[in-house]
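Participant: Quick one, fold the following:
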Amino acid sequence: MLKHTLAASAAIAAVLALSVPSYALATTAPSAVVTVSGSVTATCSLNGNPSTYAVNMGNLADANGNTLSTSQTVNYLTGAWCNGATSTLSVATTKMMPTTLPGSVPNGFTDSVDYTLKSTSGLLNNQSFDTATGTGGSATVGAFIDNGDSGTITTDAQTAKKLMAGSYAGTITVTLTPGS
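Facilitator: The predicted model follows:
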């Protein structure tokens, strides 16, 4: 009889187990995973610096009409930054030419002034960019915050030809390109 009682008890336990709702059998709480994501676009900024400014080299010719070697210090990129690991900085220069064309240039005269930008501090420290040789260049600078690049602009002295009278202008273009 004990055998029948145990068998009956097991059968009742099995029926009770089947009648219990499945949520009552769960031993862990349900959960969900929320993935939070975002991105940052590679950016470079001059941080409020003007996109153009002027450096006056003064009188470009001596009393004999020859091009003088004059120098001026220029500060550029102060406060500039890039946040991309492969960001680049490039420099391109153009000769100083008359702002109003003098017409034809007589023999023995010139209407262009070459100069060199020599970087003296910052990202391009000790690099030179010369309009006479057409050197410009670029470098991968990566992510940076610059506290001030500076350099010296020096006009190339020339005695072979006299410099035509007039106002002259050239450009130094510094370009920051964001990288990823």
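Participant: who's in contact with residue 91?
Facilitator: Applying CB atoms under 8 Å, 6 or more residues apart in numbering to residue 91 gives the contacts 117, 124, 127, 129, 136-138, 172-175. Every residue, glycine included, has its C-beta placed from N, CA and C.
Participant: how long is stretch 93-112 end to end?
Facilitator: For stretch 93-112, the first-to-last residue distance is 13 Å (CA to CA, to the nearest Å).
Participant: Going C-terminal from the helix or strand bottoming out on mean pLDDT in the chain, what's the next secondary structure element?
Facilitator: Least confident helix or strand, the chain: helix 2-19 with a mean of 50, by mean pLDDT, DSSP states H and E. Sequence-wise, the next helix or strand downstream of helix 2-19 (DSSP states H and E) is strand 44-45.
Participant: For that following strand, which strands pair with it and how are they oriented?
Facilitator: Note on strand 44-45: by DSSP bridges, its sheet partners are strand 81-82 (antiparallel).
Participant: Identify the residues contacting the partner strand?
Facilitator: 42-45, 47, 141-146, 176, 178-179.
Participant: are any of these buried, and which?
Facilitator: Applying a neighbour-count criterion of 16 or more other CB atoms under 10 Å, the buried members of those are 44, 141, 144, 146, 176, 178-179.
Participant: Nearest to residue 108 among those residues?
Facilitator: The closest of the buried ones among the contacts of strand 81-82 to residue 108 turns out to be residue 176 (CB to CB; 42.5 Å).
Participant: who's the closest one bridged to?
Facilitator: Applying DSSP bridges, one finds that residue 176 bridges with residue 89.
Participant: tell me the contacts of it?
Facilitator: Residues near residue 176 by CB under 8 Å, 6+ apart: 44-46, 77, 80, 82, 87-89, 141.
Participant: still on that earlier bit, closest to residue 72 among the contacts of residue 91?
Facilitator: For the contacts of residue 91, the nearest to residue 72 is residue 117 (10.3 Å; CB to CB).
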